[in-house]
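Peer 1: Compute the structure for the input listed below.
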Amino acid sequence: MSAPDRELLRRLDVADEADVSELLKVEPPFLASWRKRRKGPPYIRVGNAYLYPLAGLREYLHARVRADDAEEVALL
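Peer 2: So this is what the prediction gives:
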């Protein structure tokens, strides 16, 4: 992805599929499977691209915090 495209994503507070795949340690086809099953983090489809709002990613991750990890997350 080009630097201007990265800057635009940052200004829109969204991440692209490659970034989310890397963050969640899953392959892009796995994200596609989640989208088809309406699982995973919320996304926006723009043309052929899937963008993930950062606020939705945060909510998705916080909803999956295990009880023994809660103290660590509270510190973030």
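Peer 1: Lowest-scoring secondary structure element of this protein by mean pLDDT?
Peer 2: Using mean pLDDT, DSSP states H and E, the weakest-scoring helix or strand in the chain turns out to be helix 70-75, at a mean of 57.
Peer 1: which helices and strands does the longest strand along the chain pack with?
Peer 2: Criterion DSSP state E: the longest strand present in the chain is strand 49-53. The contact analysis (3 or more Cβ pairs under 8 Å, 6 or more residues apart in numbering; DSSP states H and E) places strand 49-53 against strand 14-16, helix 17-24, strand 44-46. C-betas here are computed from N, CA, C, even on glycine.
Peer 1: which parts of stretch 25-36 are buried?
Peer 2: If you call a residue buried by 16 or more other Cβ atoms under 10 Å, then stretch 25-36 has these buried ones: 31, 35.
Peer 1: any idea of the mean pLDDT in it?
Peer 2: Taken as a whole, stretch 25-36 carries a mean pLDDT of 95.
Peer 1: what stretches of the protein score poorly on pLDDT?
Peer 2: Scanning the chain with the threshold set as pLDDT under 70 gives 68-76.
Peer 1: re earlier: let me know which of the helices and strands packed on strand 49-53 is tucked in deepest.
Peer 2: Comparing the helices and strands packed on strand 49-53 by mean neighbour count (mean count of other Cβ atoms under 10 Å), strand 14-16 ranks first with a mean of 20.
Peer 1: Give me the contacts around it.
Peer 2: 1, 9, 23, 44, 49-54, 57 (Cβ atoms under 8 Å, 6 or more residues apart in numbering).
Peer 1: Apply 10 Å and report the result again.
Peer 2: 1, 5-6, 8-9, 20-23, 41, 43-44, 46, 49-57 (Cβ atoms under 10 Å, 6 or more residues apart in numbering).
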